[in-house]
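**Q** here is my input; please provide its structure:
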Amino acid sequence: MRAAGAAAAVLAGGALLACSVPVFRYALERWHVDDYELYVFHRGALGPEERAAREWLAERATAPEGRANLLVAVVDVDAPMDPSAREVWKDRRPAALPWAVLRYPRSAGVKDDAWEGEFGAAAARAIVDSPARRELGQRLLGGDAAVWVMLESGDRGKDDAAAAALAGLLGKLEKTLELPPEETAGAVFPGDEAAGAATPPMPPLRLAFSVMRVSRTDAAEAMLAAMLCGTERELRALAGEPLVFPVFGRGRALFALAGAGINEDNVGPACEFLAGPCSCEIKAFNPGTDLLMAVPWDDCLAGGLVSLPPLPPLTGLAVEPEAAESTAARSRALVSALIAGAALLLCVAAGTVAVLRKR
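**A** So this is what the prediction gives:
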């Protein structure tokens, strides 16, 4: 694995553009999450359970308040497909239909699927929500600079040792790292002063890191584990090692550290990056992959909420299939246009951006 010492390059590369707001705080308040894409392939009419699941997901994906970062496309395999759906469906031979394929945000540049499997009520809820993701959202909204999510290997000795080492390093870094000067690191950002922007109550600005352990054998967290391990292709081959992912902002996961790579040489630069001054206002210029979560970030920040409201049950929705599909199609078209623009900007800025990596 390559070294995570590229953190220094990230900080140095953004020095000329830096503002005094810490990266973790700027990301929480200003970086909106990127959308995952869920393709539901079917033949003929959906059954009652599958239709209810599709309608429930369409509501989660288009809710005006607290929407999940998800776009949903329902595709009949016997009908003409748009190019994106045709590319995803190509060469697939699922055991049953309807079959769902979850794709990472296009901005992440990950070619592998985040997940695929039979589509139904259980899959629909697991795609957007889980106990660990809700706890993750609550910790970030509560003021944690980053939550280090640890996927356990299943070897109790390895996992306990890795968790203890990580907790020790994070405790040390909380005491030694310094935030930007308090008088310039508040909730008012460059450009807001002229507009007289009103600032809602925000979590306290403090340097706090926490560890969250997740078992790979926990069925409720199978989707989260799949999402994390799919961010880098080689991670799925490391099932025998504990993996840790620093997650910050609105659920953005940085590089993974595995086994012996969970050490000061790698953990330190990651924390320095998160606590350092924001190097660039454009999210796409910064490392990481957003996780799929059903967290109303804007509402919680504006209202000072930390306890997340429960998702509605998977019943009683009244979204018409045609409306859900047309909404998703319009959203996907808009996202494609935005991503194309972001890609052009990235090409211009590639020489100044370095990506944090693991060893």
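**Q** right, and residue 151 touches residue 242 too?
**A** Yes - the criterion here is C-beta atoms under 8 Å, and residue 151 meets it with residue 242 at 6.7 Å. For every residue, glycine as well, the C-beta is placed using N, CA and C.
**Q** can you pull out the strands in the stretch 101-250 of the chain?
**A** 113-118, 146-151, 209-214, 243-248 (DSSP state E, counting those that start in this stretch).
**Q** for those, state which one has the densest average packing.
**A** The highest average neighbour count among the strands of the stretch 101-250 of the chain, using mean count of other C-beta atoms under 10 Å, belongs to strand 243-248 at a mean of 27.
**Q** what packs against that strand?
**A** If contacts are counted by 3 or more C-beta pairs under 8 Å, 6 or more residues apart in numbering; DSSP states H and E, strand 243-248 sits against helix 23-30, helix 131-141, strand 146-151, helix 222-229, strand 252-253, strand 257-258, helix 264-275.
**Q** quick check: which of those is nearest to residue 176?
**A** helix 264-275 (9.2 Å; C-beta to C-beta).
**Q** and the closest one, what's buried?
**A** 266-275 (16 or more other C-beta atoms under 10 Å).
**Q** can you list these in CSV and add pLDDT and distance to residue 257?
**A** Shown next, in CSV, are those (pLDDT from 0 to 100; distance: C-beta to C-beta, whole Å):
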residue, pLDDT, distance to residue 257
266, 98, 5
267, 99, 7
268, 98, 11
269, 97, 11
270, 97, 8
271, 98, 12
272, 96, 15
273, 94, 14
274, 95, 14
275, 95, 17
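**Q** now distance to residue 133 too, for these, in CSV please.
**A** As requested, the buried residues of helix 264-275 are exported to CSV (distance: C-beta to C-beta, whole Å):
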residue, distance to residue 133
266, 24
267, 23
268, 27
269, 26
270, 21
271, 22
272, 26
273, 23
274, 20
275, 24
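**Q** just name the closest of these to residue 114, please.
**A** residue 270 (22.5 Å).
**Q** was I right to think that closest one contacts residue 247?
**A** No - at 11.0 Å, residue 270 does not count as touching residue 247 under the criterion of C-beta under 8 Å.
**Q** for those two, list the residues in contact with both.
**A** Residues touching both residue 270 and residue 247 (C-beta atoms under 8 Å, 6 or more residues apart in numbering) are 146, 254.
**Q** picking that back up, and the helices and strands packed on strand 243-248, which one averages the lowest pLDDT?
**A** With a mean of 92, helix 23-30 has the lowest mean pLDDT of the helices and strands packed on strand 243-248.
**Q** then that one to PDB, C-alphas only?
**A** C-alpha atoms of helix 23-30 as PDB (Å, rounded to 0.1, in the frame of the first residue of the first chain):
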ATOM      1  CA  VAL A  23     -11.300  21.400   6.900                       C
ATOM      2  CA  PHE A  24     -13.600  19.300   9.100                       C
ATOM      3  CA  ARG A  25     -15.800  22.300  10.000                       C
ATOM      4  CA  TYR A  26     -15.900  23.800   6.400                       C
ATOM      5  CA  ALA A  27     -16.900  20.300   5.100                       C
ATOM      6  CA  LEU A  28     -19.700  19.900   7.700                       C
ATOM      7  CA  GLU A  29     -21.300  23.300   6.900                       C
ATOM      8  CA  ARG A  30     -20.500  23.800   3.200                       C
END
